[in-house]
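> just the structure for this:
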Amino acid sequence: LKVNENGEGRLKIQLRLTAGTLDFSKALSLNQISDAGDVPDGIFALAEQKLSAEILSVFEKTRNVECDLFGVQDLLVKRKPRALHKYKKEILKNTRAEISVRFENVR
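Next up, the predicted model:
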């Protein structure tokens with residue numbers, strides 16, 4: 001969480017995930033499932049966009065109803081304890097999120 005002198009916050013959320021494709025036709029245990037190879041081109045880019053949009057949507061919805069699901073006020077206490085009294089009531093309303101999602105192939 002970064003807060004400027006006007007009390008506007010910027011919450012940076014970064015996710016790095018691994019994913020792959022599996023080849024199975026019925027429910028099997030993990031050690032019985034075989035790797036189906038590389039993920040087709042463009043799938044990860046679409047997944048990154050979709051997941052980023054979903055996280056941003058949850059952030060905005062919870063922020064608008066004054067639910068601090070992402071712990072913005074806790075981060076303010078940890079990162080800028082002296083600014084707590086000054087921005088505590090407005091920090092959630094004035095914070096914007098930046099979401100970065102990166103998928104990597106399991107292989």
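> what residue is smack in the middle of this structure?
Nearest to the mean C-alpha position of the chain, by CA atoms, centre = their mean, lies Ile13 at 4.8 Å.
> setting the sequence-adjacent residues aside, check what's closest to that residue.
Ile99 (5.1 Å; CB to CB, 6 or more residues apart in numbering). C-beta: built from backbone N, CA, C; applies to glycine.
> you'd agree that neighbour is up against Ser52?
Yes - between Ile99 and Ser52 there is a contact under CB atoms under 8 Å: 4.4 Å.
> circling back: OK, contacts around the residue nearest to Ile13?
By CB atoms under 8 Å, 6 or more residues apart in numbering, the residues touching Ile99 are Ile13, Leu15, Ser52, Ile55, Leu56, Phe59.
> wait, is it part of a strand?
Yes - under DSSP: H, G, I helix; E, B strand; the rest coil, Ile99 falls within a strand.
> secondary structure class for the residue nearest to the centre of the chain?
strand.
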